[in-house]
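Trainee: My questions concern the predicted model and sequence given below.
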Amino acid sequence: MFCGAMVVTGVGVALLRWRVGRITRMMPIAIIAVSAVVAIAVTLTPPAPVSTAVVPADRENDTLRVLSWNVKQAPGGNHDLITLIEKLKPDIAVFAELYGPDPGVVPDSDWPAGYQAIGAPSIAVTVLIADDLGRYELVDSDASGRTSGLTVGPRDSGSPSPDVVAVHLTRPSLAGGVVMWEDGVDWVASQCRSPNTVAAGDFNSASASFEGRIGTCAVGSGKEVRGSSTWPAWLPAPFGAQIDHVASGSDWTVTWLRTLTAGHSDHRPIFGVLERSA
């Protein structure tokens with residue numbers, strides 16, 4: 001009986017050692033698998049929107065600070081806009097779905113000092129340009145209904161300041177909206193002819209849908225270009241989409257970009273810093 005017990009005990013110890021050994025051998029595989037899942041989750045989860053406190057504080061030489069926000073023409077929204085402008089001090093601001101009374105331009109008096117506001121009749125976009133960039137004027141606009149955008153440029157043809165394409169494309173939809181959106185992309189491409197161009201606004205699409213199709217302009221892709229969901233603002237960022245963008249011609253490079261937390265609209269604003277290319 002004693003010998004039998006010894007045999008059973010020996011077999012039990014051997015089985016235990018085999019199981020422990022198997023588990024031990026499996027642990028590296030399990031750790032690698034879990035690490036891979038975590039890495040994929042981190043990669044696929046977009047950065048969270050950030051507060052205005054993280055935006056670089058001051059303008060540097062040969063840089064542009066660009067703010068873009070679809071503000072949804074919300075009642076009481078101007079206070080949020082003015083606060084954001086005073087805090088961030090953009091050189092260029094594009095506000096989709098913001099337009100004033102006829103002739104379609106929000107008066108300069110409604111904005112902080114040091115800016116000129118430009119709009120156009122029937123176009124649901126207002127562009128704000130810092131006076132430091134020189135005086136600007138309306139160059140082109142599209143009120144066809146296929147897009148709602150406009151382009152402004154320096155009055156001085158010799159100015160180093162860029163042309164600005166303010167974008168508000170129609171929303172792609174099965175009821176003809178895709179064709180209209182495609183036409184809008186073509187319009188943006190027709191405006192992005194010069195390398196000294198900045199395009200910003202509501203593209204109503206992820207950048208993968210139009211990248212390489214908007215003339216000389218391209219969105220930034222550096223490690224500090226970390227935009228996240230801009231729409232809809234009421235959903236947590238992982239469940240939304242970044243449909244608002246800042247792009248530029250080859251004279252400029254988007255080197256820093258974030259999606260911001262802000263007030264009343266169904267879109268979140270984005271803020272980018274562009275550096276003049278060498």
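Mentor: Thanks, I have the structure now. Numbering: from 1, shown residues only.
Trainee: quick one, helices of the chain?
Mentor: 2-44, 77-88, 177-191 (DSSP state H).
Trainee: Give me the residues contacting the shortest one.
Mentor: Same thing as helix 77-88. 52, 55, 65, 67, 69, 71, 93, 95, 98, 110-112, 115, 128, 262-265, 269, 271 (Cβ atoms under 8 Å, 6 or more residues apart in numbering). Backbone N, C-alpha and C define where each C-beta goes, glycine included.
Trainee: Provide the partner residues of residue 275 in its beta bridges.
Mentor: residue 63, residue 253 (DSSP bridges).
Trainee: OK, contacts around it?
Mentor: Going by Cβ under 8 Å, 6+ apart, the list of residues near residue 275 reads 62-63, 252-253, 255.
Trainee: Repeat the analysis, applying 10 Å as the threshold.
Mentor: 60-64, 220, 248, 252-256 (Cβ atoms under 10 Å, 6 or more residues apart in numbering).
Trainee: for those residues, which one is nearest residue 154?
Mentor: residue 64 (13.2 Å; Cβ to Cβ).
Trainee: what about the closest one, neighbour count?
Mentor: 23 (other Cβ atoms under 10 Å).
Trainee: residues touching the residue nearest to it when sequence neighbours are not counted, list them.
Mentor: Using Cβ to Cβ, 6 or more residues apart in numbering and skipping the chain neighbours, the partner closest in space to residue 64 is residue 274 (4.3 Å). For residue 274, the contacting residues are 62-66, 91-92, 162, 198, 200, 220, 246-248, 251-257, by Cβ under 10 Å, 6+ apart.
Trainee: which of those residues are buried?
Mentor: 63-66, 91-92, 162, 198, 200, 220, 246-248, 251-257 (16 or more other Cβ atoms under 10 Å).
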